[in-house]
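Engineer: What shape does this take:
(4 chains)
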Protein chains: 4
Amino acid sequence: MLRDPLNDGKSRIELIDSMGSDLSIVNDARASFDKTSKELDEKDIKLINYLIKHQHTSPFRGVVFKFKVKAPLYICRQWWKHVIASNHSEEQLGWNEKSFRYVAIDDSNEFYVPHNFRQQSKNNKQSTEGVLSAELNNKAIAIYQAQCENSYQAYSQLLDLGVGREQARGVLIPSVYTSWVWTVSLQALLNFINLRLGVGAQTEIGAYASAIAELIQPIVPISMEAWSKHYLKGAEGTKSKPKIS
Amino acid sequence: MLRDPLNDGKSRIELIDSMGSDLSIVNDARASFDKTSKELDEKDIKLINYLIKHQHTSPFRGVVFKFKVKAPLYICRQWWKHVIASNHSEEQLGWNEKSFRYVAIDDSNEFYVPHNFRQQSKNNKQSTEGVLSAELNNKAIAIYQAQCENSYQAYSQLLDLGVGREQARGVLIPSVYTSWVWTVSLQALLNFINLRLGVGAQTEIGAYASAIAELIQPIVPISMEAWSKHYLKGAEGTKSKPKIS
Amino acid sequence: MLRDPLNDGKSRIELIDSMGSDLSIVNDARASFDKTSKELDEKDIKLINYLIKHQHTSPFRGVVFKFKVKAPLYICRQWWKHVIASNHSEEQLGWNEKSFRYVAIDDSNEFYVPHNFRQQSKNNKQSTEGVLSAELNNKAIAIYQAQCENSYQAYSQLLDLGVGREQARGVLIPSVYTSWVWTVSLQALLNFINLRLGVGAQTEIGAYASAIAELIQPIVPISMEAWSKHYLKGAEGTKSKPKIS
Amino acid sequence: MLRDPLNDGKSRIELIDSMGSDLSIVNDARASFDKTSKELDEKDIKLINYLIKHQHTSPFRGVVFKFKVKAPLYICRQWWKHVIASNHSEEQLGWNEKSFRYVAIDDSNEFYVPHNFRQQSKNNKQSTEGVLSAELNNKAIAIYQAQCENSYQAYSQLLDLGVGREQARGVLIPSVYTSWVWTVSLQALLNFINLRLGVGAQTEIGAYASAIAELIQPIVPISMEAWSKHYLKGAEGTKSKPKIS
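Structural biologist: Sure, this is the predicted structure:
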């Protein structure tokens, strides 16, 4: 189960392991009541909807996913910022990331170059809206690509002079791809997806959030349906599914 | 996979689910290096030993276990205290516990009565050492059992008067059994076991820690062996395996 | 600044230290913008209201309080349960609690005995509603007090036999008072108060939540007003201020 | 209380608030014992040393600091990585950071350029050792500075084309300065300093760790002395104080 959210043949998100299911959620939630369901019935489905609607989501911590992600460094940073600043840092178990102190990049091709540049939003200081004209877009791509090339050249020259990787990476622009393994509970994931599919979220990270929603759907279909009903569709301020073309 | 740590036919700990293995630990740890092992080789085993010896245990967060536990309320409290006060609270994902506000106990038999009482330690203010003479032990058991009976009677009488469960439980002594589902990372578990098998830990909770070590051993045998070598055996201050007879 | 939430001359909550203010919240929130307010103006007050209304509460983590609390053991447990199961465990920095493994109680008077018993709710399985008649209430008090006495006697007898405190406490009913020091962020506190003043919360812990709201009000008056406006008053399902008489 | 750890007139770390002291540590630790010290005596100092030596550091969570930090983006990232991957994420309360989605940089001077480049270590894949010759160092500085200029030009041109800040920042090299407010417990700080003054840590972040140690010393002098004695000096693998000249 693999996606290429940025649609450039380089980006990647893969679900590599998981524990738990819709069924385990209801069984954990009923820990109090000494009953165990063997398969989901109507009552169980109602319970999942009730839990999500009323935000009693602690049983969603008992479902855990592990992803392997490859994304531009600045998207990775945005992801982290979420993890640290959110109320859910304790449900983000693992984060094992490639280090540019440890491995050098050896290919000027290892950068993300947007196909479509978006205009600065007038109303939302931290967001974008609309796209550039084809002509301006081509200019922007050229500038961006030249800067990837420049950055890689300066980086390589510093390494050739004998400069350590930990200092040389200071000139490596953050559209460079990095990768990490992320272990995370369903509770934290739903929160992540909510924020990242909301208005105001950057399209690129939204594309990863969409991919995550698709990847986990087969494992917790009832929970995802309940969550769509109560949050995603109902939420004012939720834009349609981000797409990177 | 089930144990009765307090050896009274009532206590229980069961491993109900898990994610990950020794192999996933080395693969997560090497996220940086873009290599994936399909099966454990000598190099992988060395890496696990290195990680444990140098306490680089963040890859151990990518292995997750779920337990169903039945234990006396005061042991449950001690367990929580560990979770809150430890440096590892963020790796204890789930805690779904029976609530005495929600369900009444309906059986005076639902208490833990120690078979063997231990003497107050002279040196360690919060610990015990040695056991009572058979005669004193029998007296202690009688007092303890009578108090279980008393407590249950007072509780039942309050319920009969119409008092709500949330207030009535104020007279329910904490040797009453409760149960919960615990979702937790391997990193946090190793820390839990270290503390609870150490000198100074209460024998009862040590018995649960021993059971946990046995239950997870088949899933992460190399990690448990490395951990035994570097911590358990080497640690001064680690007493032999707690046993409740 | 001290309160006796359970109104029995034994319970206690005291604010012993704090860091930050309404002003520090706006300055932290504007970290992005390189501006620092010296005193609160209209714009700052609007910002606080905006942050609370839209739940952008991460700047509320930069305000920290330390309380000394004395409460019945079962209320302490309920408090912890909140801390562990909530999304805010990472903002509950410190928890340093008295241990009954370490110190014995030496007074049969160290128990909480409710003045007024409430009836089991018909609709909410885990809650109470209405009070007992004076006659039944007096019977309940008598049973409860006798059980405090019984519990203390059994406990003392076990200690006299030489049983260690860590085992003897198994017969100490959880209406016994304990105490702890709690260090916690404003973000976590607001969440705690929201839950504990809501319908369904136990009156006793609600009384502590009310006391906390009063104790922190002079330190973050604007935040508390904004929070009252957007949450407390508006929230359906919020009952009036819990009072223990 | 302000430092310029990178010694370039741009970097900055400032202690802007704190709560607690050596005295509050011993009082919190003794929560169990119902005693309160008014001033530190010999017994209190012994207790602090005991707590640090035996790593019973939960009372160190009751001391909280708030820093304002200005550092290169890649150092900020390294800092975060610590926060997420460490066992202490729950003691890092607040993180409020400038966002390049929100504010543009408007000065090509807002980059960190090392004065001294270090050579890639032969033994430690992720570290450096020794410095470049003066001649090579001058070449490296020239390349680095040119790339700061390039990066800023490309960034400005993209903004001029109307590209949103959130995409344009993809070409902004991570030696660009950012700033944030950090609220953190003493327990987490000591762990941070330990790691960042150890062999293998990058000199630049070590310089911030040194500055932190100096800034908090006047507030918790006894704790810092105990920690120096038991950890810093004793630790094999701890290099001398990192200095950026």
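
Engineer: what about chain A, any weak spots by pLDDT?
Structural biologist: In the predicted model of chain A, residues A:32-34, A:82-93, A:108, A:232-245 satisfy pLDDT under 70.

Engineer: Tell me how chain A divides into domains.
Structural biologist: A:2-100+A:177-232, A:118-171 (automatic domain parsing).

Engineer: The last one close to chain C?
Structural biologist: No - Domain A:118-171 does not reach chain C (CB under 8 Å from any CB of the partner chain); its nearest approach is 8.9 Å. Any C-beta I mention is one placed from the backbone N, CA and C, and that applies to glycine too.

Engineer: near chain D at all, that domain?
Structural biologist: Yes - Domain A:118-171 lies within reach of chain D by CB under 8 Å from any CB, at A:118-121, A:125-128, A:132, A:136, A:139-140, A:143-144, A:146-148, A:150-151, A:154, A:157-159, A:161-167, A:169-171.

Engineer: buried stuff in whichever strand or helix holds residue A:212?
Structural biologist: Assigned by DSSP states H and E, residue A:212 belongs to helix A:203-216. Under the neighbour-count criterion of 16 or more other CB atoms under 10 Å in any protein chain shown, helix A:203-216 has A:203-213, A:215-216 buried.

Engineer: quick one: which of the residues you listed is nearest to residue D:13?
Structural biologist: residue A:205 (29.5 Å; CB to CB).

Engineer: If any of the residues of domain A:118-171 next to chain D are buried, give me the PyMOL selection for them.
Structural biologist: Here is the PyMOL selection string for the buried members of the residues of domain A:118-171 next to chain D, based on 16+ other CB under 10 Å:
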select buried, chain A and resi 118+119+120+121+126+127+128+132+136+139+140+143+144+147+148+150+151+154+157+158+159+161+162+163+164+165+166+167+169+170+171
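
Engineer: Sitting in strands, which of the residues of domain A:118-171 next to chain D do you find?
Structural biologist: The strands, defined by DSSP state E, take in A:118, A:119, A:120, A:128 from these.

Engineer: farthest-separated two in those?
Structural biologist: It's A:118 and A:120 that sit farthest apart of these, by CB to CB, at 8.1 Å.

Engineer: Give me the common contacts of those two.
Structural biologist: Counting by CB atoms under 8 Å, 6 or more residues apart in numbering or on different chains, the common neighbours of residue A:118 and residue A:120 are A:128, D:163, D:164.

Engineer: doesn't residue A:59 make contact with residue A:185?
Structural biologist: No - using CB atoms under 8 Å, residue A:185 is not in contact with residue A:59; the gap is 10.3 Å.

Engineer: Name the residues contacting each of those two.
Structural biologist: Common neighbours of residue A:185 and residue A:59 (CB under 8 Å, 6+ apart) are residue B:94.

Engineer: Tell me where chain A has strands.
Structural biologist: Using DSSP E, strands in chain A cover A:2-3, A:12-19, A:64-72, A:94-97, A:118-120, A:128-131, A:177-185.

Engineer: Tabulate these (TSV), appending distance to residue C:23.
Structural biologist: Shown next, in TSV, are the strands of chain A (distance: least, CB to CB, whole Å):
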stretch	distance to residue C:23
strand A:2-3	46
strand A:12-19	42
strand A:64-72	37
strand A:94-97	34
strand A:118-120	31
strand A:128-131	33
strand A:177-185	36
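
Engineer: Which among those is found nearest to residue A:104?
Structural biologist: strand A:177-185 (12.7 Å).

Engineer: Give the partner strands of that closest one in its sheet and their orientations.
Structural biologist: With DSSP bridges as the test, strand A:177-185 is paired with strand A:64-72 (antiparallel), strand A:94-97 (antiparallel).

Engineer: what about the shortest one, distance to the chain center?
Structural biologist: The offset between the C-alpha centroid of strand A:94-97 and the centroid of the whole chain comes to 14 Å, using CA atoms, centre = their mean, to the nearest Å.

Engineer: Residue A:102 against residue D:125, yeah?
Structural biologist: Yes - under the criterion of CB under 8 Å, residue A:102 makes contact with residue D:125 at 5.4 Å.

Engineer: Look at the closest residue in space to residue A:204 that isn't next to it in sequence and say how many residues are nearby.
Structural biologist: Setting aside the residues directly before and after it, residue A:204 is nearest to residue A:75 in space (CB to CB, 6 or more residues apart in numbering or on different chains), at 5.4 Å. As a burial measure, residue A:75 scores 24 neighbours (other CB atoms under 10 Å in any protein chain shown).

Engineer: OK, contacts around residue A:75?
Structural biologist: So residue A:75 contacts A:202, A:204, A:205, A:208 (CB under 8 Å, 6+ apart).

Engineer: For the third one, give its distance to chain C.
Structural biologist: I take that to be residue A:205. The gap separating residue A:205 from chain C is 18 Å, by CB to the nearest CB, to the nearest Å.

Engineer: Figure out how far the top helix by length along chain A is from the centre of its chain.
Structural biologist: In chain A, taking DSSP state H as the definition, the longest helix is helix A:134-160. Helix A:134-160 sits 25 Å away from the centroid of its parent chain (CA atoms, centre = their mean).

Engineer: returning to that earlier point: determine the set of other helices and strands touching the helix holding residue A:212.
Structural biologist: On a contact count with 3 or more CB pairs under 8 Å, 6 or more residues apart in numbering or on different chains; DSSP states H and E, helix A:203-216 meets strand A:2-3, strand A:12-19, strand A:64-72, helix A:73-85, helix A:186-196.

Engineer: quick check: angle from the last one to helix A:203-216?
Structural biologist: Following axes from the mean of the first three to the mean of the last three CA atoms, to 10 degrees, one obtains 140 degrees for the angle between helix A:186-196 and helix A:203-216.

Engineer: ditto for the third one
Structural biologist: Here strand A:64-72 runs at 150 degrees with respect to helix A:203-216, directions being taken by the same axes, to 10 degrees.

Engineer: would you put the C-alpha positions of strand A:64-72 in CSV?
Structural biologist: Output of strand A:64-72 as CSV, limited to C-alpha atoms (Å, rounded to 0.1, in the frame of the first residue of the first chain):
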residue,chain,number,x,y,z
VAL,A,64,-1.5,1.9,15.9
PHE,A,65,0.0,2.5,12.4
LYS,A,66,3.5,2.6,11.1
PHE,A,67,4.3,4.6,7.9
LYS,A,68,7.4,5.1,5.9
VAL,A,69,7.3,8.6,4.5
LYS,A,70,9.5,10.4,1.9
ALA,A,71,8.8,14.1,1.7
PRO,A,72,10.5,17.4,1.1
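
Engineer: hmm, back to that, switch the strands paired with strand A:177-185 over to JSON lines; also include mean neighbour count.
Structural biologist: Below are the strands paired with strand A:177-185 laid out as JSON lines (neighbours: other CB atoms under 10 Å in any protein chain shown):
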{"stretch": "strand A:64-72", "mean neighbour count": "24"}
{"stretch": "strand A:94-97", "mean neighbour count": "24"}
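
Engineer: Tabulate those strands in TSV, adding columns for distance to residue D:179.
Structural biologist: Below are the strands paired with strand A:177-185 laid out as TSV (distance: least, CB to CB, whole Å):
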stretch	distance to residue D:179
strand A:64-72	22
strand A:94-97	23
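
Engineer: Perfect, I'm done here.
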